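I would like the atomic coordinates for the input below:
(2 chains)
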Amino acid sequence: MTIARRIALAAPAVIIAAGGLPAMAQAPAAAPLGQAPGFYRFKVGAWTITTVHDGFFRRPLEGFVRNAPIAEVQGILAENFMATDSLSVPFTITFAQKDATLVVFDAGNGVTPAAATNGKMIANMAAAGIDPARVTHVIQSHFHGDHINGLLNAANAAAFPNAEVIVPAAEWAWWTEAANESRSPEGQRPQFANVPRRFAPYQGKIRQVAAGVEVLPGITSIAAYGHTPGHTLYRIADGNAQMIFVADITNRPEFMMRRPEWQIVFDFDGDMAAATRRRVLDMLATDRIRVTGYHFPFPANGYVARHVSGGVQGFIFVPGDWSSAV
Amino acid sequence: MAQRRLMMTTALGAPLLARAAVAQPTPAAAAPATAPGFYRFKLGQFTVTTIYDGFRIMPVQGLVQNAPLEEVQAVLAESFLGPTDYRNIYAVTIVDTGRDLVVFDTGNGPQAPGATLGRLLATMPAAGLDPARVSTVVISHFHGDHINGLITAEGGAAFPNAEVVVPAREWAWWTEAGNETRSPPRQRPNFANTARRFAPYAGKIRQLNDGAEAVPGIRMHAAEGHSPGHTIWHIADGAAELVYLADITHRPELIARRPDYETLFDFDGAAGAATRRRVLDRMAADRVRVTGFHFPFPAIGFILREAQGFRFVPADWG
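As a prediction, this is how the structure comes out:
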């Protein structure tokens, strides 16, 4: 262990003491015991990937899965040692940095009330040493509120003041055309007002992209429509190294990978979402590609494997191995 | 924030006197450093912290003594773990009961500069924990990765104010020189190492028998085989309970899923396997929360039965 590293690790509690350890005797007797900061780093070729926790939102389980009895959903949750009386939906934002490019995939829940369990991204970004002013590109998977609300800061100005915002053209087209409102499921209609509000400070800096194109060097869009009209995944590659940000291809993988045909309350077109999900998960399991997901258990990176449970051929999420070495 | 940013900068291996860099404008690129290796949760009124002591890469070949390499590699691949390099990981469980601050096993201890393991003492302050405040060190068994951290680089007590609680049967085995020739060759260095690592704690070592409490709420259970006196520990505050499984499995992705595998670390592989099946079966039946010394960090989760053995299901991060 280098001295530098020892100091680095001692720093939060002890500031700087050459040698680190002797100073611990003077440390406060009862430091407040908080959680570790919610970020995690790994490399994909020359890309440095950072996942940043944005907290979670606990919601009733009732009505969440639209096409399965609640007892069945509870059974799968119990198999995963999860609560069965409510559902905790976590949020994790993926950052990718290479040279001068710093990309954030989706913008998080943004500013929330102090007591809220979501909206932790801003603090966790700071802990990870990521300055929003240095973000060069915000790349959106889709326009649901938990993905775009963080485009605004507390003053309703741009949270990423120096960033270009890259959006799927199909997603942009749907939510910016007022006539589509009556053709959208009732639960989704608030997006029509929310979208112009959240994108307002970025006027002139929004770039629409098609599916299957390189949106930035090394980053390619992949159509995965259904959850929303233009829901899009992104492949991040450097040479042979690659990963895919799979956004909302599933909600929590513990149940949505095991039962890919389940449709959730947030799906725009549940049938299309389920067909897309099975196709994408099958590809990920075959190619054994590392993924990050927006609602995956933190640190939200890992792999997809085929798995049979209860007679259903589905998938499971296999978390990536945590390491202190980036 | 300035402190934390400094932490990121220095962890990069930047010059030691990098303090000046903090005052400068934010660097152009995000610093590729990890979050400090700790994780915390409540257990009733107790506070549990797991700390990452690091990892060591070793060959997959030779790890499992009673199964063909290809079979072992296939099991590893199901968890997306590589076929050649086995990442041996170490996680230390620490419990603050309010009355006692208890460390379960001590990690790999002092290492050469740049080592990827032996990080416990350096990481504890990041987690707000002071080694001088540790009142009790519980040792599950005496393999080096569990006891080497008892001492500092200078050879003193790493936990200067702690009592050390050890399984009586483990103590009896490794402190009796006559047992050396009766131990597998790979385990024989433990005799000299035990004497050396416990030396600074003379007069502060308490031997415990099966079923006894180390401190209120923390009880020892024999789980022998992996070593002659290997133990697991039941930690409870009222109805909230946790079991520290120590080395009941090595990495669970491999050894929980194939509980009959015996590894090169086992003292008595067959006895270890029988104990493992019994303990994992109980954990799965009770659906109790567990931590393990070689579990994937943050090393907290549950044991689920599956076709050929058991699966470790990580607990939700929160």
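
restrict the strand or helix carrying A:E254 to CA atoms and write it as CSV.
Using DSSP states H and E, A:E254 falls within helix A:253-256. Written as CSV, here are the backbone C-alpha positions of helix A:253-256 (Å, rounded to 0.1, in the frame of the first residue of the first chain):
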residue,chain,number,x,y,z
PRO,A,253,-34.1,-7.3,-12.8
GLU,A,254,-34.8,-9.6,-9.9
PHE,A,255,-38.4,-10.0,-11.2
MET,A,256,-38.4,-8.5,-14.7
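
output the contacting helices and strands for that helix.
With contacts taken as 3 or more Cβ pairs under 8 Å, 6 or more residues apart in numbering or on different chains; DSSP states H and E, helix A:253-256 sits against helix A:70-79, strand A:312-319. From N, CA and C alone the C-beta is placed, and that goes for glycine too.

which secondary structure elements does the longest one contact?
Judged by 3+ Cβ pairs under 8 Å, 6+ apart, helix A:70-79 is in contact with helix A:253-256.

going on from the helix it packs on, what's the next piece of helix or strand?
With elements assigned by DSSP H and E, the helix or strand that comes after helix A:253-256 is helix A:270-287.

next helix or strand past that following helix?
Going down the chain from helix A:270-287, the next helix or strand is strand A:290-292, by DSSP H and E.

show residues contacting that next one.
Strand A:290-292 is contacted from outside by A:44, A:49, A:51, A:92, A:94, A:105, A:242-246, A:284, A:300-304, A:320, using Cβ atoms under 8 Å, 6 or more residues apart in numbering or on different chains.

got a quick PyMOL command for the buried subset of these?
Selection of buried members from the contacts of strand A:290-292 for PyMOL, criterion 16 or more other Cβ atoms under 10 Å in any protein chain shown:
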select buried, chain A and resi 44+49+51+92+94+105+242+243+244+245+246+284+300+301+302+303+304+320
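
show me the contacts of strand A:290-292 that map onto helices.
A:L284 (DSSP state H).

of the contacts of strand A:290-292, list those near chain B.
A:302-303, A:320 (Cβ under 8 Å from any Cβ of the partner chain).

switch the residues you listed over to CSV; also include pLDDT.
Compiled in CSV, those are given as follows (pLDDT from 0 to 100):
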residue, pLDDT
A:G302, 98
A:Y303, 98
A:G320, 97
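
now the residues you listed as a markdown table including distance to B:D100?
Converted to a markdown table, these look like this (distance: Cβ to Cβ, whole Å):
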| residue | distance to B:D100 |
| --- | --- |
| A:G302 | 36 |
| A:Y303 | 40 |
| A:G320 | 35 |
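
pick the most deeply packed of the helices and strands packed on helix A:253-256.
With neighbours defined as mean count of other Cβ atoms under 10 Å in any protein chain shown, these peak in mean count at strand A:312-319, which reaches a mean of 19.

now do it: distance to the chain's middle.
Strand A:312-319 has its C-alpha centroid displaced from the chain centroid by 19 Å (Cα atoms, centre = their mean, to the nearest Å).

that strand and chain B in contact?
Yes. Interface with chain B: strand A:312-319 contributes A:318-319 (Cβ under 8 Å from any Cβ).

return the list of helices and strands in contact with that strand.
Partner elements for strand A:312-319 (3+ Cβ pairs under 8 Å, 6+ apart): helix A:253-256, strand A:301-309.

that older thread, dump the helices and strands packed on helix A:253-256 into a markdown table; add distance to B:A77 as well.
Listed next are the helices and strands packed on helix A:253-256 as a markdown table, based on distance: least, Cβ to Cβ, whole Å:
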| stretch | distance to B:A77 |
| --- | --- |
| helix A:70-79 | 23 |
| strand A:312-319 | 11 |
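
as TSV, the ones you listed with mean pLDDT and distance to A:L33 would be great.
Formatted as TSV, the helices and strands packed on helix A:253-256 follow (pLDDT from 0 to 100; distance: least, Cβ to Cβ, whole Å):
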stretch	mean pLDDT	distance to A:L33
helix A:70-79	97	29
strand A:312-319	97	25
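
one step back: closest one to A:P161 among the helices and strands packed on strand A:312-319?
strand A:301-309 (28.1 Å; Cβ to Cβ).

so what's B:G301 closest to, chain neighbours aside?
B:P314 (4.3 Å; Cβ to Cβ, 6 or more residues apart in numbering or on different chains).

ok so, going back, adding distance to A:A223, write the helices and strands packed on strand A:312-319 out as CSV.
Below are those laid out as CSV (distance: least, Cβ to Cβ, whole Å):
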stretch, distance to A:A223
helix A:253-256, 19
strand A:301-309, 18
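
out of those, which comes closest to A:A273?
helix A:253-256 (9.9 Å).

and stretch B:129-143, C-alpha only, in PDB?
Output in PDB follows, covering the C-alpha atoms of stretch B:129-143 (Å, rounded to 0.1, in the frame of the first residue of the first chain):
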ATOM      1  CA  LEU B 129     -14.100   3.700  12.700                       C
ATOM      2  CA  ASP B 130     -11.000   4.000  14.900                       C
ATOM      3  CA  PRO B 131      -9.000   0.800  15.500                       C
ATOM      4  CA  ALA B 132      -8.100   2.100  18.900                       C
ATOM      5  CA  ARG B 133     -11.800   2.000  19.800                       C
ATOM      6  CA  VAL B 134     -12.200  -1.600  19.000                       C
ATOM      7  CA  SER B 135     -13.100  -3.400  22.200                       C
ATOM      8  CA  THR B 136     -13.200  -7.000  20.900                       C
ATOM      9  CA  VAL B 137     -11.500  -8.800  18.100                       C
ATOM     10  CA  VAL B 138     -13.200 -12.100  17.300                       C
ATOM     11  CA  ILE B 139     -11.200 -14.600  15.300                       C
ATOM     12  CA  SER B 140     -13.100 -17.300  13.400                       C
ATOM     13  CA  HIS B 141     -10.000 -19.400  12.800                       C
ATOM     14  CA  PHE B 142      -6.300 -18.900  12.500                       C
ATOM     15  CA  HIS B 143      -5.500 -18.900   8.700                       C
END
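
say whether chain A is contacted by that stretch.
Yes. Stretch B:129-143 is in contact with chain A by Cβ under 8 Å from any Cβ, via B:129-133.

how far out from the middle of the chain is that stretch?
11 Å.

now the residues of stretch B:129-143 next to chain A: which count as buried?
Of those, these count as buried by 16+ other Cβ under 10 Å: B:129-133.

farthest-separated two in the residues you listed?
B:L129 and B:A132 (10.0 Å).

quick one, what contacts the closest residue to B:G272 other than its chain neighbours?
Leaving out its chain neighbours, the residue that sits closest to B:G272 by Cβ to Cβ, 6+ apart is B:G225, at 3.2 Å. Shown in contact with B:G225 (Cβ under 8 Å, 6+ apart): B:266-276.

just the buried ones from those residues, in PyMOL syntax?
Listed next is the PyMOL selection for buried residues among the contacts of B:G225, using 16+ other Cβ under 10 Å:
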select buried, chain B and resi 266+267+268+269+271+272+273+275+276
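
closest one of the contacts of B:G225 to B:D85?
Using Cβ to Cβ, the contacts of B:G225 come closest to B:D85 at B:D266, 21.0 Å.

check the closest one and give its pLDDT.
pLDDT, B:D266: 98.

list the contacts of the closest residue to it other than its chain neighbours.
Closest residue to B:D266 in three dimensions, ignoring its sequence neighbours and counting by Cβ to Cβ, 6+ apart: B:G272, at 4.6 Å. Under the criterion of Cβ under 8 Å, 6+ apart, the neighbours of B:G272 are B:225-226, B:230, B:262, B:266.

those in strands, which ones?
Judged by DSSP state E, strands contain none of the contacts of B:G272.

in a markdown table: these, plus distance to B:Q111.
Compiled in a markdown table, these are given as follows (distance: Cβ to Cβ, whole Å):
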| residue | distance to B:Q111 |
| --- | --- |
| B:G225 | 29 |
| B:H226 | 23 |
| B:H230 | 24 |
| B:E262 | 28 |
| B:D266 | 24 |
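
among those, which two are most distant?
With Cβ to Cβ as the measure, no two of the contacts of B:G272 lie farther apart than B:H230 and B:E262, at 13.7 Å.

of those two, who's got more company?
B:H230 (27 against 20; other Cβ atoms under 10 Å in any protein chain shown).
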